[in-house]
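Chemist: Need coordinates for the following:
(3 chains)
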Amino acid sequence: MEYVIEMLNITKEFPGIIANDDITLQVQKGEIHALLGENGAGKSTLMSVLFGLYIPEKGTIKVKGKEVKIHNPNDANELGIGMVHQHFKLVHNFSVLENIVLGVETVKGGILRMEDARAKIVNLSKQYNLRIEPDSIIEDISVGMQQRVEILKMLYRDNDILIFDEPTAVLTPQEIDELMKIMRRLIEEGKSIIFITHKLNEIKAVADRVSVLRKGKYIGTVDVANTSKEEMSEMMVGRKVIFEIEKGKAKIGENVLTIRNLSINSKVHGKSAVNNVSFDLRKGEILCVAGIEGNGQTELIYALTGLLPVDGGDIYYKGEDITHKSIRYRNSHGISHIPEDRHKHGLVLDYTLSENLVLQTYFLNKFQNKGFINFKSRLKNAKAMIEQFDIRSGEGPITLARSMSGGNQQKAIVAREFEKDPDVIIAVQPTRGLDVGAIEYIHTQLIKQRDMGRAVLLVSLELSEVLGISDRIIVMYEGEIVGAVNPSEVTQQELGLYMSGSKRGAGYERKEITK
Amino acid sequence: MNVKKLLNNRSFKNAFASIFAILFGLLIGYIILLISNPAQATRGFIIILNGGFNGGLRGVGNMLHNAMPIILTGLSVGFAFKTGLFNIGASGQFILGAFAAIYIGVKWTFIPVGYLWVVALIGAMLAGAIWGAIVGVLKAFRNVNEVITSIMLNYIGMYLVNFLVVSTVFDLTRNQSLSPRNAYLPRGGLNVLFPLSSANIGIIIAIVTAVVMYIILEKTTFGFELKAVGYNREASRYAGINEKKSIILSMMIAGALAGLGGGLLYLSDIGKHIEVVDILATEGFNGIPVALLGLSNPIGIIFSGLFVGHMNMGGFYIQRLRFVPEVIDMMISIIIYFSALSLAFKSFIESLSRKMGGRTK
Amino acid sequence: MTLNTFYFLVQQTMFYSIPLLIVAIGGMYSERSGVVNIALEGIMVIGAFVSLYFMNQMQSTMSGQSLLILSMLVAAVTGMFLSLFHAYASINMKANQVISGTALNLFAPAFAIFTARMLIGVQQVTFNNTYRIPLVPFLSDIPVLGDLFFKNTYITTFVGFGILIIATFVLYKTRFGLRLRACGEHPQAADAAGVNVKKMRYIGVLISGALAGLGGLVLMVPVTTAFDGQVGGYGFLALAVLIFGQWRPGRILFAAFFFGLMKTISAAYTGIPILLALGIPSYMFKMIPYLATIIILTFTSKKSAAPRAAGEPYDAGKR
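Modeler: Residues are numbered from 1 along each chain as shown, chains lettered A, B, ... in the order given. Model (predicted):
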């Protein structure tokens, strides 16, 4: 069999960690080869090595049978290797056209000749059915179109070995189907694809073979057709994984959070980021806000937690109007917030673990005396929480948050937010970037909190999570709630229709614009 | 503590980087001396190294006096650094503080002589605080780059003080401010320790202030808030800290510190007056290297202030060999440049500690 | 106000605006590539010092436009050389760009004074101004425009406009400009697209150094004949012009002229009868450009179009 890519015995070390330990990957011509592994298994590092972003310490790379050295993305490009990165590498204020040609511009005496490029791009987009608007600015177009721009970038460079790094994370089920079609079309045109993912359904749907990595080590390569999902997940995690999340029926109590006609004007465009949103959150339930990234979920949560001022409507917490209360009022009166971005909001990375654990409570009498910090009680607090929530770190309470693993950073935030004895827990993408063990932990904890009678508001983009642990789902699209569904009665496909705005539930019909 | 542990220690790494930078700066300074006058270079270099000690006890006293204002402007810059702000405006805050002190010292004769200097210093701190607050308010509410505002305020402050001096406390014959005779700082016994020197109670006030700043930053919840805002403004907001208030307060304190420095220097009985010329107060800018070398740690700033004061005295004494004292400023700027490269030093130490057989993580 | 006062005002404004324009365009190249260059002030000082010293030494054998052009080259090369240190610290060593820039700002005046006193015994570098062009042939005959731009002028004015036009073209119409802007906004994207981020940033910083060095000389020639190691905060004003100009050449031109006018008012108000009649103390006039900067930034900073990656070291390993 002819291999287009052979990565043999690749070892890549970073200070303190071996990201790739003697990994071998062989990709056949004309196949979709999945690369499966958990977050942190070394998939992205391996692909960065192939793409020339990292230089490995050991190992050889062969492209189409010839041994090569790839020092930078230009080398990769010349070998026909292209990559769609998980976080798109697009310049936000450049046009689609400019982004595609960047790095391989057509010039005459240094002056850009965009018209030739435009013709080629329009042709390619027709050939592969990749709908784009060449002159739109990146920040104005949808995530789906941004991904098509990334694919066109590879095609424009005549790449024939295409790497897709977690391409489905930001898409609706319908968009995922479309992407799968595009991938098959690419194979028909003679391309080969490496498909990085941790989603087994997608591998089953589209891949020919799969190579599995775990904790930086190579586990094996198998044919997808002859391998069950359970076998693959066991290879990935190293143990049997329970797919079903165990949870009993919700014992729903009274309303704790009531949102009425909430509206927030967008900072980016003229429209509303959140438009006339109303819902209730009750004790003992997990209510999930589903939707594609950027449809107003972030702004909604910011408004509930006080990070963003509200332009219209009211928020009631246990009957009290808190619409204009301060952030501190809310977080010290029983509203917990596990933020979307743990590095931006959740932690002060240059503070120690013990300092981060009192980030919202340092001013309480137990942690200070007349303005002077009570170091003893702060340390005791940290030790207790480390013990209770099993937070692992190099030096215990005095570890800098920066030097902790993502999973343990998230555990620290969860510990801090749960310890406050909250009535409402707002969790935004709490499992993003975590490995299976940590994900299971967070899910179990959220369900435990629910069963203790607390109200959980979960914002998630991961459909399996949305369907797996929530008791009720509301879907947001372009700042509005477009439907409320019961997770046991809805399919992923149907949810996708809501998320893409193609379907609206009863009671959530588009309002007629009356003047 | 064994060597490997020592190499992994964060403050050691930082201090090591500072010392490395100083050695480089001195070395290049020596080369500059060699180029400009090979015959006298070594002698000149030794004089620089001896700094204040060239003049015996008197020199040491003068060195302390020289260090006093820059310890305070260094604290000003360093305190703002801890809150994530670059206060390049210590010069303006310093000269406003100086003016306020002189004005009170000259005009407020209704206050008894023994207390006047205290009131004048409080006035100096207030004036500096107001000047710093402008920067903080604009940063917090209008997102105006604090580097630009504080530089502009340096110039505005200089012209404003010139105007105020001319219209209130002007000595026409000398084109400078009047002497605040009733508000001169007490010598505090330092004239006995260091005879004939300029040293007075100011250096003690500077050191005590540094200790107080250390306590505020490291031991209080207020300091906890300020540093949190400095490290991560967004996370502080999330935690419920009023980050706008923190930024303004931090700049006010920074301004007060620089203002105090101005007050102390101009209330010293050494014939120092505000001259009505269009030149920015250099003490403010010298606070930047002091803060950087002291790693923004108030205790570190005491030592770096003394070090820079020592170097400045060296600059004073090498004029005997017809060297130009600006060589000291060049050396200090080179030291700052190398401390900016400290990342390289730190990673050098990290690789060293790895070689010694242990992972950092 | 008489027409002659108006012409005088515009001619004076040129003297202050053109150096601001040149240096701010320099800053634009650097920041658009992703490196904040606060060292513009120091680079101006060094550029002015070395080129004026060159002038001082050469003026016994040369004079006029050829000497000025040669000195401008010297200023640009000197500025470029000093900016190399900032580039190395910011790009290779991933140092804090504000600290590195501050170090250069502290170094430059000390170097100028030290060297001047070592070489010529005094701090001030003097030169003869033989560069003024009283009338540009033919062009000065154009009504109004001729009086405004082609009388009592310097070759530097036209160089300044030339730099602006080239910058606009380079930034928006060339491959280099596209890549430079990409590096300032999203270096990871540029890197993945095969652009050499380090190289682009080096070029950006070096151009800013050349232009700042040149700007130092351009500032000094029309307004003085003795340089004493400082440029009066002009480098920082240029940074303010850059911010007010929203990192775009066209708006930078406007901002530079606005600040130039403010500076003219503060420096030449005695020649403007209306302002003199107001009886405002001279100190107040001197504050005007700096006050104007703060006021303008207060109203324009909320919405900043700064290049997203400006000030952040690029680390290829970080994604």
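
Chemist: of all the residues in the stretch 101-250 of chain A, which ones are close to chain C?
Modeler: Residues of the stretch 101-250 of chain A found near chain C (CB under 8 Å from any CB of the partner chain) are A:101-105, A:107, A:110-112, A:153. Backbone N, C-alpha and C define where each C-beta goes, glycine included.

Chemist: what's the nearest residue to B:Ser18 if we skip its chain neighbours?
Modeler: The shortest distance from B:Ser18 to any residue that is not its chain neighbour, by CB to CB, 6 or more residues apart in numbering or on different chains, is 5.5 Å, and that residue is B:Leu293.

Chemist: measure that neighbour to C:Pro134 for me?
Modeler: B:Leu293 sits 53 Å away from C:Pro134, taking CB to CB, to the nearest Å as the criterion.

Chemist: And the two? Which one has more around it.
Modeler: Legend: neighbour count by other CB atoms under 10 Å in any protein chain shown for B:Leu293 and C:Pro134, higher for B:Leu293 (26 against 8).

Chemist: Could you tell me how many residues sit around C:Ile46?
Modeler: When neighbours are defined as other CB under 10 Å, C:Ile46 has 29 of them.

Chemist: got the contact list for it?
Modeler: Applying CB atoms under 8 Å, 6 or more residues apart in numbering or on different chains, we find C:Ile46 in contact with C:78-79, C:82, C:108, C:111-112, C:213, C:216.

Chemist: Swap in 10 Å and give it another go.
Modeler: With contacts defined as CB atoms under 10 Å, 6 or more residues apart in numbering or on different chains, C:Ile46 is in contact with C:39, C:75, C:78-79, C:81-83, C:104, C:107-109, C:111-112, C:115, C:209, C:212-213, C:216, C:229, C:231.

Chemist: quick one: low-confidence parts of the chain?
Modeler: Since you didn't name a chain, this refers to chain A. Regions of chain A meeting the criterion pLDDT under 70 cover residues A:1, A:242-244, A:268-270, A:511-515.

Chemist: actually it's chain C I care about, not the one you picked
Modeler: C:1, C:316-319.

Chemist: Downstream of the lengthiest helix in it, the next helix or strand is which one?
Modeler: When every helix of chain C is counted residue by residue (DSSP state H), the longest turns out to be helix C:3-33. Sequence-wise, the next helix or strand downstream of helix C:3-33 (DSSP states H and E) is helix C:40-58.

Chemist: so does the longest helix of chain C get close to chain A?
Modeler: No. Looking at helix C:3-33 against chain A by CB under 10 Å from any CB of the partner chain, there are no contacts, and the closest approach is 11.8 Å.

Chemist: And chain A, what are its domain boundaries?
Modeler: Under the assignment automatic domain parsing, the domains of chain A span A:3-237, A:243-334+A:423-515, A:342-421.

Chemist: With distance to B:Ser177 and mean neighbour count as added columns, please give these in TSV.
Modeler: Converted to TSV, the domains of chain A look like this (distance: least, CB to CB, whole Å; neighbours: other CB atoms under 10 Å in any protein chain shown):
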stretch	distance to B:Ser177	mean neighbour count
domain A:3-237	52	19
domain A:243-334+A:423-515	47	18
domain A:342-421	39	19
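
Chemist: Can you lay out those domains as a markdown table showing distance to B:Ala101?
Modeler: Written out in a markdown table, the entries for those read as follows (distance: least, CB to CB, whole Å):
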| stretch | distance to B:Ala101 |
| --- | --- |
| domain A:3-237 | 50 |
| domain A:243-334+A:423-515 | 39 |
| domain A:342-421 | 29 |
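
Chemist: Turn the ones you listed into a markdown table, columns for distance to chain B.
Modeler: As requested, the domains of chain A are arranged in a markdown table below (distance: least, CB to the nearest CB, whole Å):
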| stretch | distance to chain B |
| --- | --- |
| domain A:3-237 | 3 |
| domain A:243-334+A:423-515 | 3 |
| domain A:342-421 | 4 |
